[in-house]
Each structure stands twice: as C-alpha cells, then as structure tokens.
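J.: Sequence first, then the predicted structure, then my questions.
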Amino acid sequence: MKIIVLLFIVFILASLGSALYYLLKDQGKSDRVVKALTVRIGLSMALFLALMVAYYVGWIPETGLR
C-alpha cells in the first residue's frame with residue numbers, strides 16, 4: 001500500500017510539474033496546462049478514494065501505515 005501511495009504522489013507531482021512547464025512554455029496559448037491540472041486533480045481524487053476504501057476494507061489499520 002505504501003508503494004502505491006508513493007507512486008500516486010510521484011505522478012501527481014509530475015503532472016503538476018508538467019503543468020508548470022506548459023504554462024511557462026506556451027504562455028497561455030494552448031490548453032495543455034488545463035489538461036495537466038485536470039489529470040492532477042483526477043489522480044488526487046483517486047488517491048483519496050483509494051485511501052478511504054483501503055481504510056474501510058481494513059488494509060490500513062486504525063494506527064496508520066507502519
């Protein structure tokens with residue numbers, strides 16, 4: 001579970017970095033920034049839902065990940 005959470009965080013940060021890159025490179029002339037930020041929001045929501053489901057199912061104990 002820890003590896004999955006870390007991978008999600010890495011992908012979220014990569015999407016945020018690509019949005020910054022497109023913002024600086026395109027200077028608002030394309031919609032690639034919006035697409036990258038949409039991917040980031042989707043990944044963040046998926047991570048949040050996955051953590052909620054994992055806690056509900058019992059994969060994450062009440063004391064947290066160790």
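T.: Cool, got the structure.

J.: what bits of this protein have low per-residue confidence?
T.: The chain contains residues with pLDDT under 70 at 64-66.

J.: Farthest from the middle of it: give me that residue.
T.: The C-alpha centroid of the chain is most remote from Lys29, which lies 25.0 Å away (CA atoms, centre = their mean).

J.: Over to that residue. Which of the three states is it?
T.: Put simply, Lys29 is coil when judged by DSSP: H, G, I helix; E, B strand; the rest coil.

J.: All the helices of the protein, in order from the start?
T.: For the chain, the helices defined by DSSP state H occupy 2-26, 32-57.

J.: What is the last one packed up against?
T.: With contacts defined as 3 or more CB pairs under 8 Å, 6 or more residues apart in numbering; DSSP states H and E, helix 32-57 has these neighbours: helix 2-26. Just so you know, the C-beta spots here come from the backbone N, C-alpha and C atoms, and that holds for glycine as well.

J.: Now the helix it packs on: buried residues?
T.: Phe8, Phe11, Ile12, Ser15, Leu16, Ser18, Ala19, Tyr22 (16 or more other CB atoms under 10 Å).

J.: cool, and stretch 39-49?
T.: For stretch 39-49, a neighbour-count test (16+ other CB under 10 Å) marks Val39, Arg40, Leu43, Ser44, Leu47 as buried.
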